[in-house]
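K.L.:
quick one, what's the 3D model for this:
(chains A and B)
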2 protein chains.
Amino acid sequence: MRIALDAMGSDKCPTPDVEGAVLAAREYRDTVLLIGDEDLVKGELSKYNLKGTKIEVIHSPEFITMEDKPGEVGKSKPQSSMHIGLNLVKQGEADAFVTAGNTGAAMAIATLFTLHRIPNVKRPALSSIIRVTNNRTVILLDIGANTDSKPEWLMQFAIMGKVYAQNALQLNMPKVALLANGEEETKGNQLIHDAARLLNNLPDINFIGNIEPRDVLKGYADVIVSDGFVGNIAIKSFEAMGSALFNLIRAEITSDPIATIGGLLARRAFRRVYKQADPAEIGGAPLLGVNGVVIIGHGSSNAKAIKNAIRQARLAVQGKVIKSISDGLHKLSN
Amino acid sequence: MRIALDAMGSDKCPTPDVEGAVLAAREYRDTVLLIGDEDLVKGELSKYNLKGTKIEVIHSPEFITMEDKPGEVGKSKPQSSMHIGLNLVKQGEADAFVTAGNTGAAMAIATLFTLHRIPNVKRPALSSIIRVTNNRTVILLDIGANTDSKPEWLMQFAIMGKVYAQNALQLNMPKVALLANGEEETKGNQLIHDAARLLNNLPDINFIGNIEPRDVLKGYADVIVSDGFVGNIAIKSFEAMGSALFNLIRAEITSDPIATIGGLLARRAFRRVYKQADPAEIGGAPLLGVNGVVIIGHGSSNAKAIKNAIRQARLAVQGKVIKSISDGLHKLSN
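P.N.:
Model (predicted):
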């Protein structure tokens, strides 16, 4: 397998990106194509023993920053690492593209300038994969590609999410639910009611109705579907409360000498909590609906996160996610 | 001041409701009107030394359960404790009504059968008052009264929230923001864009634009406005992550003997964290837009929560919230 990695993606690029590529190349034995400023990337690579790894460097004269406007970079930086990486996927020279860079830019370049949409896909969706109770894995989509979604888009997100959960995350008969303000059928807004009607009439999907945020974190469904505005607020609310609570606990424990000793004794337990909550354990999640595997990681990714984002890309490629989505939507359109 | 309390509100009614009434009557010296089954309520009251308190019991032959459908109880249980309490406010025999009962039912009975809306109010809004970083207090609305809101409704929620923050929560020049998926003006959905336009043109309001969930919990704004569907998902996502993380920490600490000792030593620090996160410290939040002070608490309220919900009612009455909302909206309609 050949994975194209944006070496200029993360906030601290290319350091964690290159280290993550090396870790992945060692562990998975795939070819990793590192796309970025050749001198910088080779400088980073020189720190590692690359024996037995298959890493290629592809120079990109431009790269995209977090400040770049997604609507402009498609045309203004046609030689960016994102353009080059996504074009490699388009031309079949890479099986997947992974980036921890500007999400909006990656989405725009993938959708409008390089891969374009899978036939019949109305809108691509950004997803997030999170660990919930009992180490279950859940995929939420859309978490921000679209606002003011139409019911048909949500229905397609459900199909794409189901395919990803089944083929890449290897969840059997994944349960699909609509994120709502209550589990009862009467809850939800007009969009949720209309999408539920479509999903209830859809064959081959294990649609279980509405789900509340509490039950999302309990893992009562595998695929959580929402409009991008709502999904983004939900995922950001989870993150916000998680980090507010960690900060509060840290502040209270360290403000009190006895509790500080207690905190030190409980350190290993806290580490296990962090590990379960650590987004680097997942690494990244797919941009679904574009005609090729694209995995997007967080800007704050460290090397472990990059390595796991590459792992996510491998799972998507092995699971033939693009073909399955294409087949699923084709069947529906006939 | 005379506060009417639904003695049949909380999940374990009338025990915590009556105890909370006694605590409030002792501390605030107000008259508390306890509405519920006379025998049950008097039985609970007999447990306490009521010397110096002003508590009156008003019998209600019916009461509403969490299973009752909000759309039906208005007509099917006209003698419920909610009807009686809200009518006391309507007739000027009580200054406020407090309940920890079925929120939808309280809203329906207040809006459609007893108090009705303040003139010019398009829709009442449910609110939530939460403690955020540095013990700041924030009011979010709407958290569930309305889905598919119109921009004008959000503008009115902003005005009502601002009045409450100023007059009842005593926050000076409260900052008002729209809950969104990013703080930039370009973020948000169509509703947020349209509401922002209205709020930007509104005099006498400190509108600071969009706010992300992270910054809600940092207290960057005092009044957070959203559609009820979105606000409900945000507040439930905060709660869900809070309790998931507490459970995970407890499980990891108790799974390991050394960490268990650490957890015991850090117990006081954890108690301080709980106290800051404990909804009983706030007790309840107003249903804004109906023509009288109505405070709604959580079904799981304990006596402390009931007492604090009564405290919230006093603040609203003292702050002349209803008149200020009425004046504010009247000014705008001219």
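K.L.:
show me what the lengthiest strand in chain A is packed up against.
P.N.:
The residue-count maximum for a strand in chain A (DSSP state E) belongs to strand A:125-132. When contacts are defined as 3 or more Cβ pairs under 8 Å, 6 or more residues apart in numbering or on different chains; DSSP states H and E, strand A:125-132 sits against strand A:136-141, helix A:151-167, helix A:228-254, strand A:284-288. Glycine gets a C-beta too; all of them are placed from N, C-alpha and C.
K.L.:
would you reformat these as TSV and include mean pLDDT?
P.N.:
Output for those, formatted as TSV (pLDDT from 0 to 100):
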stretch	mean pLDDT
strand A:136-141	96
helix A:151-167	97
helix A:228-254	94
strand A:284-288	97
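K.L.:
so which of the ones you listed is nearest chain B?
P.N.:
For the helices and strands packed on strand A:125-132, the distance to chain B is smallest for helix A:228-254, at 3.5 Å, taking Cβ to the nearest Cβ.
K.L.:
does chain B sit close to the closest one?
P.N.:
Yes: judged by Cβ under 8 Å from any Cβ of the partner chain, helix A:228-254 comes into contact with chain B at A:228-230, A:232-234, A:236-249, A:252-253.
K.L.:
would you check that residue A:225 makes contact with residue A:158?
P.N.:
Yes: between residue A:225 and residue A:158 there is a contact at 4.7 Å, judged by Cβ atoms under 8 Å.
K.L.:
residues in contact with the worst-scoring helix or strand of chain A on mean pLDDT?
P.N.:
Lowest on mean pLDDT, DSSP states H and E among the helices and strands of chain A sits helix A:267-277, with a mean of 89. Contact with helix A:267-277 is made by A:131, A:135, A:242, A:263, A:281, B:245, B:248-249, B:252-253, B:255-256, B:258-259, B:262-263, as judged by Cβ atoms under 8 Å, 6 or more residues apart in numbering or on different chains.
K.L.:
show me what counts as buried in it.
P.N.:
Within helix A:267-277, the residues scored as buried using 16 or more other Cβ atoms under 10 Å in any protein chain shown are A:269, A:270, A:272, A:273, A:276, A:277.
K.L.:
which residues in chain A form strands?
P.N.:
A:2-6, A:31-36, A:54-59, A:96-99, A:125-132, A:136-141, A:175-179, A:206-211, A:223-225, A:284-288, A:293-297.
K.L.:
please look at residue A:165 and residue A:224 and confirm they touch.
P.N.:
No: applying Cβ under 8 Å as the test, residue A:165 and residue A:224 come out as separate, 10.2 Å apart.
K.L.:
overlap of the contact sets of those two?
P.N.:
residue A:139.
K.L.:
which one's more surrounded, the two?
P.N.:
residue A:224 (29 against 25; other Cβ atoms under 10 Å in any protein chain shown).
K.L.:
give me the nearest residue to that one, chain neighbours excluded.
P.N.:
Distance criterion Cβ to Cβ, 6 or more residues apart in numbering or on different chains; nearest residue to residue A:224, sequence neighbours excluded, is residue A:140 at 4.4 Å.
K.L.:
thinking again about what came up before, among the strands of chain A, which is nearest residue B:45?
P.N.:
strand A:206-211 (41.5 Å; Cβ to Cβ).
K.L.:
with only the CA atoms kept, save the closest one in PDB.
P.N.:
Presented in PDB, the C-alpha positions along strand A:206-211 are these (Å, rounded to 0.1, in the frame of the first residue of the first chain):
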ATOM      1  CA  ASN A 206     -29.600  -0.800  11.100                       C
ATOM      2  CA  PHE A 207     -31.300   2.500  11.900                       C
ATOM      3  CA  ILE A 208     -32.200   2.800  15.600                       C
ATOM      4  CA  GLY A 209     -33.700   6.300  15.600                       C
ATOM      5  CA  ASN A 210     -32.600   9.300  17.700                       C
ATOM      6  CA  ILE A 211     -29.800   9.400  20.200                       C
END
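K.L.:
so residue A:192 versus residue A:177, what's the distance?
P.N.:
Separation of residue A:192 from residue A:177 (Cβ to Cβ, to the nearest Å): 11 Å.
K.L.:
tell me the residues that contact both of the two, please.
P.N.:
residue A:210.
K.L.:
picking up where we left off before, deepest-packed of the strands of chain A, please.
P.N.:
Burial of the strands of chain A is given as mean neighbour count (mean count of other Cβ atoms under 10 Å in any protein chain shown); strand A:96-99 ranks first at a mean of 32.
K.L.:
sheet partners, orientation included, of that strand?
P.N.:
Strand A:96-99 pairs in its sheet with strand A:2-6 (parallel), strand A:293-297 (parallel), by DSSP bridges.
K.L.:
spatially central residue for chain A, please.
P.N.:
Closest to where the C-alpha atoms of chain A average out (Cα atoms, centre = their mean) is residue A:285, at 1.5 Å.
K.L.:
and that one, what does it touch?
P.N.:
Applying Cβ under 8 Å, 6+ apart, the residues near residue A:285 are A:126, A:127, A:128, A:129, A:139, A:295, A:296, A:312.
K.L.:
could you redo the last one with a cut-off of 6 Å?
P.N.:
A:127, A:128, A:129 (Cβ atoms under 6 Å, 6 or more residues apart in numbering or on different chains).
K.L.:
need these in TSV (columns: pLDDT).
P.N.:
Putting the contacts of residue A:285 into TSV (pLDDT from 0 to 100) gives the following:
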residue	pLDDT
A:127	97
A:128	96
A:129	96
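K.L.:
nearest to residue B:117, out of the residues you listed: which one, please.
P.N.:
Using Cβ to Cβ, the contacts of residue A:285 come closest to residue B:117 at residue A:128, 39.6 Å.
K.L.:
where's the closest one relative to residue B:159, distance?
P.N.:
35 Å.
K.L.:
which parts of chain A sit against chain B?
P.N.:
A:147-148, A:181, A:189-190, A:212-214, A:217, A:229-230, A:232-234, A:236-238, A:240-242, A:244-245, A:248-249, A:252-253, A:256, A:258-259, A:261-263, A:265-266, A:269, A:272-273 (Cβ under 6 Å from any Cβ of the partner chain).
K.L.:
filter the residues you listed down to the buried ones, ChimeraX style.
P.N.:
Buried residues within the residues of chain A next to chain B, by 16+ other Cβ under 10 Å, are selected in ChimeraX with:
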select /A:147,181,189,212,213,214,217,229,230,232,233,234,236,237,238,240,241,242,244,245,248,249,252,253,256,259,262,263,265,266,269,272,273
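K.L.:
quick check, residue A:213 in contact with residue B:237.
P.N.:
Yes: if you go by Cβ atoms under 6 Å, residue A:213 and residue B:237 touch, sitting 4.2 Å apart.
K.L.:
just checking: what are the partner strands of the longest strand of chain A?
P.N.:
strand A:136-141 (antiparallel), strand A:284-288 (antiparallel).
K.L.:
I'd like those as a markdown table, with distance to residue A:43 appended.
P.N.:
Listed next are those as a markdown table, based on distance: least, Cβ to Cβ, whole Å:
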| stretch | distance to residue A:43 |
| --- | --- |
| strand A:136-141 | 36 |
| strand A:284-288 | 25 |
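K.L.:
of all those, which lies closest to residue B:29?
P.N.:
Using Cβ to Cβ, the strands paired with strand A:125-132 put strand A:136-141 closest to residue B:29, at 50.6 Å.
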